[in-house]
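**Student:** Could you look at this predicted model? Sequence included:
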Amino acid sequence: MFFLAPGLTLLIVLAIVPMILMLTYMFFPRGRFGGVVYEFTLENFARLNDPLYLGVIGDSFVIAGTVTLLALVIGYPTAYAIAQLPQRWKTIALLAIMLPFWTNFLIRIYAWIVLLSGPGLVNRALIGIGLIDEPLAFLYNEGTIVLGLLYGYLSLMILPIYSAVERLDPRLREASANLGATPVRTFFSVTLPLTLPSALIGAVLVFVPSFGNYVVPELLGGGKAIMLGNMIRDQFLKARDWPFGATLALVMILVTCVLLIAQAVVSRRVRNA
Amino acid sequence: MTLLSIEGVSRKFGDVIALDEVSLDIRAGEFFALLGPSGCGKTTLLRILAGFEWPDRGAVRLDGADLLRQPPHRRPVNLMFQSYALFPHMTVAKNVAYGLEREGLPREEIKKRVGEVLAKVGLDTMAGRRPSQLSGGQQQRVALARAIVKRPRMLLLDEPLSALDKKVRAEMQLELKRLQVEVGITFVVVTHDQEEAMSLADRIAVMDNGRIEQVDAPIALYDRPRTRFVADFIGANNLFTGTITGNGFEVPGLGYLPCKPELPNGLAVLAVRPERVRLGDPGRGAADGIVADVSFFGGISHIAVDVSGHDRKVLAATQGAARITPGAAVGLFWNPDDAVLVPA
């Protein structure tokens, strides 16, 4: 307990207290130049019902969900394949996955603009090999946002799955084969159920930052406020409506909590299936 | 009748020779043991039989059919893993049913056979438990049930008793033997524990350095070892290196020792079991020495005797407590029939 004290104090004073203060803003109307007027109201929650805001929250769900699904479909086989490599190549592959983290996220997202813009590398290459005549408009739509988020968070899916596959006792697969299971059967009856909890952790790790992201929709989505993260940012910085921004932030925190609980419940159920 | 025949099987890992021209016949219905120190190649051989490893050369035939051409999941051979390798996400009943489900048997029959085999290993009340909720001995029974429920032609057991504590071990040892007789499956046990092999097996193959040293029944292996390794590895033994000449077996520094020189003239090793060595008055026995140490084991006592000119202490075993004390001068006696000569 004693050794926990400094860390806990830091966390409570610098993260939890400001967050609670922020969330209390939900119950007050906005001040004229930012800040709040201290008169109790529930009007901020009523505004959530607006189809405009619900639409943005829904879009954020769809985009983050698509990213998570794609990350799972791409990440699982990748993680599985890395776990089968000889030790030397394993290290190299994991390093290659983590290497991009050494560069600032913002810069990496800008790099995609350089690649995908009208006069960008991809368009020039496609024109160069004669596949197209006019540059294609890759940028500034939902697809590019999904691409950017997937690029940013795929490794958060790969690493937990990799560690689960790596930890899996190879004798379990041998036992399955020995009892008459084909390699495909072994995968679906033994390998997948035992690595699924880690895949779910990966899914939460990808979904949560994708859902609340605002850098990627800002840069690759063309600055239109189409995800929850941008909307929260706009409420605070552009509309100067702190109370409603806080309400939207609460939505995000609740979604994250629900997901974490769901992940824990499903993992337990899989483990006891 | 030969069930499994292994012919000239060799396997190298880099520069390490794991198996060197191993040939072996295992008969249908017998309890066979592969015994040897760790790294002798016995586990590699087991993995080749299960299909997780392939030999560089040689043939393996089961019921006359080439076993090596079948993938692991088609072989009529089941393996009980040393670590049991039970599926942690399935109940005991599911674990046992897994192999039968792969055969596509009707549900009713699977249920019936799982129930039968769980009753046979005494776990019928544990069917709904998870492996993590069972003790080591119970997990082992599940592993055994899972392996025999498929009624394989041959059951391989990898160090079946090594993970159990001493009491459960003795119990399980009897159980394994009973089950083997009851289900009539050929058991092949791999172990480094000679007591385990001696008490369980009908026949034992002693392996060292990737080679088979001797294949024999436990008693023959103990009484008539045919190589120096077997004489030294199985049980306690007193070994004397010397030369066979026309006059008998001569050890430098000790002279002629009582034995029947059945080997051709040349270098040889004489092996005498401690329980065959008797102590008497000095001057008239095979050799003289000074008692160095007496240890009492309950049923028997071991007396270590220092013999000048011989670097290892000679062990003699007597029934009950020994009446001799360290420092006494003794003579060592044994019958020529009780000593075994093996090539050096």
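**Tutor:** The structure has been received and is ready for your questions.
**Student:** pretty sure residue B:304 is in a helix, no?
**Tutor:** No: the assignment for residue B:304 by DSSP: H, G, I helix; E, B strand; the rest coil gives strand, which leaves it out of any helix.
**Student:** Contacts for stretch B:57-70, please.
**Tutor:** By CB atoms under 8 Å, 6 or more residues apart in numbering or on different chains, the surrounding residues in contact with stretch B:57-70 are B:3-10, B:21-22, B:48-49, B:51, B:54-55, B:75-77, B:153-154. Glycine gets a C-beta too; all of them are placed from N, C-alpha and C.
**Student:** run the last query once more with 7 Å
**Tutor:** Stretch B:57-70 is contacted by residues B:3-10, B:48-49, B:51, B:54, B:75, B:153-154 when judged by CB atoms under 7 Å, 6 or more residues apart in numbering or on different chains.
**Student:** now do stretch B:218-230
**Tutor:** Residues beyond stretch B:218-230 that count as contacts (CB under 7 Å, 6+ apart) turn out to be B:198, B:201, B:204, B:206, B:208, B:213-214, B:231, B:234-235, B:269, B:271, B:340, B:342, B:344.
**Student:** Buried subset of the contacts of stretch B:57-70, written for ChimeraX?
**Tutor:** What follows is the ChimeraX syntax for the buried subset of the contacts of stretch B:57-70, where burial is set by 16 or more other CB atoms under 10 Å in any protein chain shown:
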select /B:3,4,5,6,9,10,48,49,51,75,153,154
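**Student:** In helices, which of the contacts of stretch B:57-70 fall?
**Tutor:** With DSSP state H as the criterion, helices contain B:48-49 from among these.
**Student:** Which pair of the contacts of stretch B:57-70 spans the longest distance?
**Tutor:** Taking CB to CB as the measure, the contacts of stretch B:57-70 span a maximum distance of 24.3 Å, between B:10 and B:153.
**Student:** Domain-wise, how is chain B divided?
**Tutor:** For chain B, whose domains are defined here by automatic domain parsing, the residue ranges read B:2-223, B:236-343.
**Student:** Take those domains and lay them out in TSV including mean pLDDT.
**Tutor:** Compiled in TSV, those are given as follows (pLDDT from 0 to 100):
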stretch	mean pLDDT
domain B:2-223	92
domain B:236-343	87
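**Student:** hey, which of the ones you listed is tucked in deepest?
**Tutor:** Across the domains of chain B, averaging neighbours per residue (mean count of other CB atoms under 10 Å in any protein chain shown) puts domain B:2-223 on top, at a mean of 19.
**Student:** Which of the contacts of stretch B:57-70 lies at the shortest distance from residue A:128?
**Tutor:** residue B:54 (49.4 Å).
**Student:** Distance check, that closest one against residue A:87.
**Tutor:** Shown here: residue B:54 relative to residue A:87, a distance of 22 Å by CB to CB, to the nearest Å.
**Student:** Same question for residue B:220.
**Tutor:** For residue B:220, the distance to residue A:87 equals 46 Å [CB to CB].
**Student:** Then residue A:259?
**Tutor:** Look at residue A:259 and residue A:87: by CB to CB, they are 35 Å apart.
**Student:** where do the helices sit along the chain?
**Tutor:** This is for chain A. Along chain A, the segments classed as helices by DSSP H run A:5-11, A:17-24, A:43-47, A:51-84, A:87-98, A:105-116, A:121-128, A:142-167, A:170-178, A:183-186, A:192-211, A:215-220, A:228-237, A:242-271.
**Student:** that's the wrong chain, I meant chain B
**Tutor:** Under DSSP H, chain B gives helices at B:42-50, B:92-102, B:107-120, B:136-148, B:166-183, B:194-200, B:218-223, B:228-233.
**Student:** as a whole number, average confidence for the last one?
**Tutor:** To tie it back to what came earlier, the one meant is helix B:228-233. pLDDT averaged over helix B:228-233 equals 93, rounded to a whole number.
**Student:** how about the nearest residue to residue 201, chain neighbours excluded?
**Tutor:** Here I'm looking at chain A. Nearest residue to residue A:201, sequence neighbours excluded (CB to CB, 6 or more residues apart in numbering or on different chains): residue A:160, at 4.8 Å.
**Student:** My question was about chain B, not that one.
**Tutor:** residue B:33 (3.6 Å).
**Student:** That neighbour is in contact with residue B:192, isn't it?
**Tutor:** No: with contact taken as CB atoms under 7 Å, residue B:33 and residue B:192 are classed as non-touching, separated by 10.7 Å.
**Student:** tally of neighbours for the residue nearest to residue A:201?
**Tutor:** Applying other CB atoms under 10 Å in any protein chain shown, we find 21 other residues in the vicinity of residue A:160.
**Student:** what angle separates the helix-or-strand element of chain A with minimal mean pLDDT from helix A:105-116?
**Tutor:** Across the helices and strands of chain A, mean confidence by mean pLDDT, DSSP states H and E is lowest for helix A:121-128: a mean of 84. Between helix A:121-128 and helix A:105-116, the angle formed by their directions is 10 degrees, by axes from the mean of the first three to the mean of the last three CA atoms, to 10 degrees.
**Student:** by contact count, what packs against helix A:121-128?
**Tutor:** helix A:105-116 (3 or more CB pairs under 7 Å, 6 or more residues apart in numbering or on different chains; DSSP states H and E).
**Student:** and the helix it packs on, what other elements does it pack with?
**Tutor:** Helix A:105-116 sits against helix A:121-128, helix A:142-167, helix A:215-220, with contacts defined as 3+ CB pairs under 7 Å, 6+ apart.
**Student:** what comes up buried for the first one?
**Tutor:** Spelled out, it's helix A:121-128. Within helix A:121-128, the residues that qualify as buried are residue A:123, counting by 16+ other CB under 10 Å.
**Student:** can you list contacts of it?
**Tutor:** Counting by CB under 7 Å, 6+ apart, the neighbours of helix A:121-128 from elsewhere in the structure are A:114-116, A:132-133, A:135-136, A:138.
**Student:** Name the member of those residues with the most neighbours.
**Tutor:** Tallying neighbours with other CB under 10 Å puts residue A:116 at the head of the contacts of helix A:121-128, with 21 neighbours.
**Student:** and that residue, what does it touch?
**Tutor:** Residues touching residue A:116, when contacts are defined by CB under 7 Å, 6+ apart, comprise A:122, A:138-139, A:144.
**Student:** now, among the residues you listed, which is nearest to residue A:48?
**Tutor:** So of those, ranked by how close each gets to residue A:48 (CB to CB), first place is residue A:144, at 27.9 Å.
**Student:** Skipping adjacent residues, who's closest to that closest one in space?
**Tutor:** If you skip the residues right next to it in sequence, residue A:144 has residue A:220 as its closest partner in space, 4.3 Å away by CB to CB, 6+ apart.
**Student:** Could you tell me how far that neighbour is located from chain B?
**Tutor:** When CB to the nearest CB, to the nearest Å is the yardstick, residue A:220 and chain B sit 40 Å from each other.
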